[in-house]
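*Asks:* Okay, predicted coordinates and the sequence, questions at the end:
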There are 2 protein chains.
Amino acid sequence: MSDLVHSAKKRLHAQGGRLTSQRRLILEALERQACHPTAEDLYAVVIEQHPRLNLSTVYRTLRWLEQEGLINRRRFDEERRQQRFEPSIPSEHHHFICQQCKMVFEFEDPDVLAIIRRFSGRSHARVATASLVLYGLCEKCAASPSQSKTAEVE
Amino acid sequence: MSDLVHSAKKRLHAQGGRLTSQRRLILEALERQACHPTAEDLYAVVIEQHPRLNLSTVYRTLRWLEQEGLINRRRFDEERRQQRFEPSIPSEHHHFICQQCKMVFEFEDPDVLAIIRRFSGRSHARVATASLVLYGLCEKCAASPSQSKTAEVE
DNA sequence: ATAATTATTGCAAATTATTTGCAATAAGAG
DNA sequence: CTCTTATTGCAAATAATTTGCAATAATTAT
């Protein structure tokens, strides 16, 4: 059983909740999708296996997962207004977004921590989390220019 | 005449556009507000001086300004879904957002550039822009805890 | 100045993204 | 296998933003 499904099940049981088939499918889809899906991305995937699933169930599940701290909700500065979701993994990581194919890549860099420390030192503010997002063209799109939105897959 | 109003006027004339009173007021409000206002923030300010102004005019003006590259549109990972706007100034800067009072602070740090270079070196992607956002408690809110949303002012 | 032209506005209605109320369904306890 | 009630599907509500269109107002030509 996947990580997310496992932690979710544990928490659900602890609070008298139920691991329904739709929740299980949404969780599995969330883990399979490497590229920070939107609610509709997930819906599109899950509906193949569960044709009666409703979008609001996806939203409700995502909201619960976020409250439990099992996933993070991100709003990137793209043209779409939709929110994106990612399983919350312990290590701090950051994102690169291709402005052409909209693919989301993750990367880590220890210097972000140094920047946070420097800012904290200067300002007396207490920093809880940080989000660094780079925008540009991914390797593929940089190589083949002027190609319209190809895919959302990773 | 303020910077934004000046550049906007120049571009408007160049493309047969008109600097209307509402546009001028919106531009002036945008420059006065240091704290990344939403469309409704601006609307609330401008309607004092121009009671017949409509929200859609604010949105239309902001959209045009963004297309012209005179302002940037930001979506922070906050609870509200509204977009925020800031005059686009040449120097790269980043943001700290107080999770309690929602105030937005700007700061600069040269190391972000180093991170971008390191990422580019590793990945063959072409980075165009970067956005680093820190979330936490500002000095004031850290000092006086559990105070509900006080003000949006800087 | 005045009239003619057309960019822009205000308003209402449409869209997009997300949430919610409620009756019907189905997990899980007994 | 039955009962309880958490969860779902559906439709309607809400929030944020955009758009169509007739009315208005800023320039241009007269």
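*Replies:* Alright, I've got the coordinates. Treat the numbers as computed from the prediction; the structure is a model and nothing was measured. Residues are numbered from 1 along each chain as shown, chains lettered A, B, ... in the order given.
*Asks:* What strands line up against the top strand by length along chain A, and which way round?
*Replies:* In chain A, assigned by DSSP state E, the strand with the most residues is strand A:126-137. Strand pairing for strand A:126-137, determined by DSSP bridges: strand A:94-98 (parallel), strand B:126-137 (antiparallel).
*Asks:* Quick one: residues in contact with the longest one.
*Replies:* Put plainly, it is strand B:126-137. A:77, A:96, A:99, A:112, A:115-116, A:119, A:125-137, A:142, B:74, B:76-77, B:92, B:94-100, B:109, B:112, B:115-116, B:119-120 (C-beta atoms under 8 Å, 6 or more residues apart in numbering or on different chains). Any C-beta I mention is one placed from the backbone N, CA and C, and that applies to glycine too.
*Asks:* is the following helix or strand past it anywhere near chain A?
*Replies:* The first helix or strand that comes after strand B:126-137 along the chain, using DSSP states H and E, is helix B:139-143. Yes: applying C-beta under 8 Å from any C-beta of the partner chain, one finds helix B:139-143 touching chain A at B:139, B:142.
*Asks:* Doesn't residue A:119 lie inside a helix?
*Replies:* Yes: membership of residue A:119 in a helix is supported by DSSP: H, G, I helix; E, B strand; the rest coil.
*Asks:* how close does it sit to residue A:111?
*Replies:* For residue A:119, the distance to residue A:111 equals 13 Å [C-beta to C-beta, to the nearest Å].
*Asks:* next one: residue A:137
*Replies:* From residue A:137 to residue A:111 the distance is 23 Å (C-beta to C-beta).
*Asks:* so what's the residue nearest the centre of chain A up against?
*Replies:* The centre of chain A sits closest to residue A:86, judged by C-alpha atoms, centre = their mean, with a distance of 2.1 Å. Listed by C-beta under 8 Å, 6+ apart, the contact partners of residue A:86 are A:36, A:71, A:72, A:74.
*Asks:* from those, which are also near chain B?
*Replies:* residue A:74.
*Asks:* hang on, the earlier thing: tabulate the CA atom coordinates of the longest strand of chain A in PDB.
*Replies:* Extracted C-alpha coordinates of strand A:126-137, given in PDB (Å, rounded to 0.1, in the frame of the first residue of the first chain):
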ATOM      1  CA  ARG A 126       9.900  34.200  12.200                       C
ATOM      2  CA  VAL A 127      10.000  32.300   9.000                       C
ATOM      3  CA  ALA A 128       8.000  29.100   8.900                       C
ATOM      4  CA  THR A 129       8.200  27.900   5.300                       C
ATOM      5  CA  ALA A 130       9.700  29.000   2.000                       C
ATOM      6  CA  SER A 131       8.800  28.600  -1.600                       C
ATOM      7  CA  LEU A 132      11.200  29.200  -4.400                       C
ATOM      8  CA  VAL A 133       9.700  28.900  -7.900                       C
ATOM      9  CA  LEU A 134      11.700  29.300 -11.000                       C
ATOM     10  CA  TYR A 135      10.000  30.000 -14.300                       C
ATOM     11  CA  GLY A 136      11.400  29.400 -17.700                       C
ATOM     12  CA  LEU A 137      11.800  26.900 -20.500                       C
END
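*Asks:* Many thanks, we can stop here.
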